[in-house]
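Peer 1: Requesting a structural model of the entry that follows:
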Amino acid sequence: IIGRTYDRVESPSFEKIWGWDVETSSEDSLNYLLFSADVQLPSPIESMDRFYFQARVEEDTNGVYTLSDGSVTVKRNIQPPGGFWGLFSGEGIL
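Peer 2: The predicted structure follows:
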């Protein structure tokens, strides 16, 4: 939007990193680093969500690791709808 000023954007905060593991894929025989993190998202979202990361990991001849070619999945708790639709609970489906 032209001419609009925006407030300062805050960065997300990584609160906790959960166990990482390097796995070799049976599909392509490449190594992948898997880990998750609890991330505090800033305004306007303002929520704590768990992010799951998967990235290809490579080690060069100097022992330096590089992450590339990956994906991120977000897990969010959903609240079941109230009223009549509360009969069909959505909890635990995702």
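
Peer 1: give the contact list for Gly60.
Peer 2: Heads up, residue 60 is Asp, not Gly. Thr66 (CB atoms under 8 Å, 6 or more residues apart in numbering). C-betas here are computed from N, CA, C, even on glycine.

Peer 1: mind checking how far it is from Thr66?
Peer 2: Distance, Asp60 to Thr66, by CB to CB, to the nearest Å: 7 Å.

Peer 1: Helix or strand: which one has the residue positioned nearest the centre of the chain?
Peer 2: Nearest to the mean C-alpha position of the chain, by CA atoms, centre = their mean, lies Phe51 at 2.2 Å. Assigned by DSSP states H and E, Phe51 falls within strand 47-59.

Peer 1: Give the buried residues for that strand.
Peer 2: For strand 47-59, the neighbour count (16 or more other CB atoms under 10 Å) marks Arg50, Phe51, Phe53, Gln54, Ala55, Val57 as buried.

Peer 1: wait, what's in contact with the third one?
Peer 2: Contacts for Phe53 (CB under 8 Å, 6+ apart) come out as Leu33, Leu34, Phe35, Ser36, Ala37, Gly70, Ser71, Val72.

Peer 1: Specify the beta-bridge partners of Val22.
Peer 2: Beta-bridge pairing for Val22 (DSSP bridges): Leu33.

Peer 1: Verify the stated contact: it with Leu30.
Peer 2: No - with contacts counted by CB atoms under 8 Å, Val22 stays clear of Leu30, the gap being 10.6 Å.

Peer 1: Mutual contacts of the two, please.
Peer 2: What both Val22 and Leu30 touch, as defined by CB under 8 Å, 6+ apart, is an empty set.

Peer 1: how far away is Phe53 from Asn62?
Peer 2: From Phe53 to Asn62 the distance is 24 Å (CB to CB).

Peer 1: cool, and Asp28?
Peer 2: Distance of Asp28 to Asn62, computed by CB to CB: 24 Å.

Peer 1: neighbour-wise, which of the two wins?
Peer 2: More crowded of Asp28 and Asn62, by other CB atoms under 10 Å: Asp28, with 9 against 5.

Peer 1: That one: what secondary structure?
Peer 2: Here Asp28 is coil, with the state taken from DSSP: H, G, I helix; E, B strand; the rest coil.
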